[in-house]
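# Below are the sequence and a predicted model for it; my questions follow.
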Amino acid sequence: MKERILTGIVFSIVIAGFIVPGFWTPVVPALLFASVLVLGSAEIHKALAAKHPETGSPTGLMVGALAGLAVIPIAIWLAAPSLAPVSSLVALAAAGFVLAVVAAASVLVAVLAHGVERVGSAGAAAAGMIYVAWPMYCAVAMLFAYDNAIFWVIPALLAPWITDVTAYFTGSLIGRHKIVPAISPKKTWEGCLGGLVGCMAAMPVWFLFAFPRQQDIPAGRIVLFALLLGLAASICAQVGDWFASAIKRWAGIKDFGNLFPGHGGVLDRFDSVLFTMPVFFAAAILFEAI
């Protein structure tokens, strides 16, 4: 437990070191998400290889994913930053096209080199890459499209933590009914609902007192928007956690990696963020468009 707490503190400081500069420049937090993409992709490939050793190298896909990430600021610049919702969608479309071409090419190369029996493993590797890459694309698109993007990125990172903490304490106190025993035996319905309530309670506080909102928007609308966003984010955070647990159980591994002692790998820390980041990206587009 001591090791886990110490690692958690160091991890939080490192993440803060990448996020805080985001108040002035999008480049530093973008480097964080690029690192998550590379390290997370390597971990998902390792998990896949534990089940199917013939999966092959993820190098080509990782290069393609990074190329797609690099396309985002260029696409935003071409689409005009003043049209933030439009430029974000243009950037994601461009980056997604690059990733789709690279993913399709990787499957084709595997088939040409080893035969059609490699379609399954090659396709799974491509899908695993997209599982990690797409949320990181959303984060980078937000960072370069909106001047106040960091105020969307921070709650996207915090929502899983708030959900996890409140779910843990609620489940520990009153948890009785298992929710996904085949995937995560300790999770309960009571903990799940506690996580929902905790996240929904935190989001209005953030958007009322931290987010730089326009004064002409009624506080009631802000609260309603934040409550719905908190509900969606908490649901997605918990689904992301269960999905990652399912992958690990399928692969027969305990953690995705050992980069963080007591916590596992990058994906063990960011599995829920992979699901919350697109939610906050969609919320940012909606909020900026109205």
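Thanks, I have it. Residues are numbered from 1 along each chain as shown.
# how close does the residue with the largest distance to the centre of the chain get to P85?
Among the C-alpha atoms of the chain, the one most distant from their mean position (C-alpha atoms, centre = their mean) is that of G115, at 33.7 Å. The span separating G115 from P85 equals 45 Å under the rule C-beta to C-beta, to the nearest Å. To be clear about C-beta, it is placed using only N, CA and C from the backbone, and glycine gets the same treatment.
# Would you mark the buried spots in the lengthiest helix in the chain?
Once the chain is assigned using DSSP state H, the helix that runs over the most residues is helix 219-251. Residues of helix 219-251 classed as buried: 222, 225-227, 229-230, 232-238, 240-245, 247-248, 251 (neighbour count, 16 or more other C-beta atoms under 10 Å).
# just checking, what packs against that helix?
In this structure, helix 219-251 packs against helix 27-51, helix 150-174, helix 189-209, helix 273-289, with contacts taken as 3 or more C-beta pairs under 8 Å, 6 or more residues apart in numbering; DSSP states H and E.
# what angle sits between it and helix 189-209?
140 degrees (axes from the mean of the first three to the mean of the last three C-alpha atoms, to 10 degrees).
# from here on, count from 734
OK, 734 is where the count begins now, so the last one is helix 952-984.
# what angle do helix 952-984 and helix 760-784 make?
Angle between the axes of helix 952-984 and helix 760-784 is 30 degrees (criterion: the same axes, to 10 degrees).
# what is the rounded mean pLDDT of helix 952-984?
Here helix 952-984 scores 94 as its mean pLDDT.
# what does stretch 774-781 give?
Across stretch 774-781, pLDDT averages out at 90.
# List of residues touching that stretch?
Outside stretch 774-781, the residues that touch it by C-beta atoms under 8 Å, 6 or more residues apart in numbering are 788, 791, 794-795, 798, 854, 857-858, 861-862, 864-866, 980-981, 984, 986, 989-990, 998-1000.
# Could you rerun that using 6 Å?
Stretch 774-781 is contacted from outside by 788, 791, 795, 857-858, 861-862, 865, 984, 986, 989-990, 998-1000, using C-beta atoms under 6 Å, 6 or more residues apart in numbering.
# cool, and stretch 867-875?
For stretch 867-875, the surrounding residues in contact (C-beta under 6 Å, 6+ apart) are 763, 766, 769-770, 802, 805, 821, 824-825, 828, 882, 885, 1007, 1010-1011, 1014, 1017.
# quick revisit: okay, and which of the contacts of stretch 774-781 map to helices?
Using DSSP H, the subset of the contacts of stretch 774-781 located in helices is M795, A857, A858, G861, M862, V865, A984, V999, L1000.
# From these, pick the one nearest T899.
Sorting the ones in helices among the contacts of stretch 774-781 by distance to T899 puts L1000 at the head of the list, at 22.3 Å, by C-beta to C-beta.
# do you know how far that closest one is from D974?
To D974, L1000 is 11 Å away according to C-beta to C-beta.
# Could you do F958 as well?
Distance of F958 to D974, computed by C-beta to C-beta: 25 Å.
# do F884 as well
For F884, the distance to D974 equals 24 Å [C-beta to C-beta].
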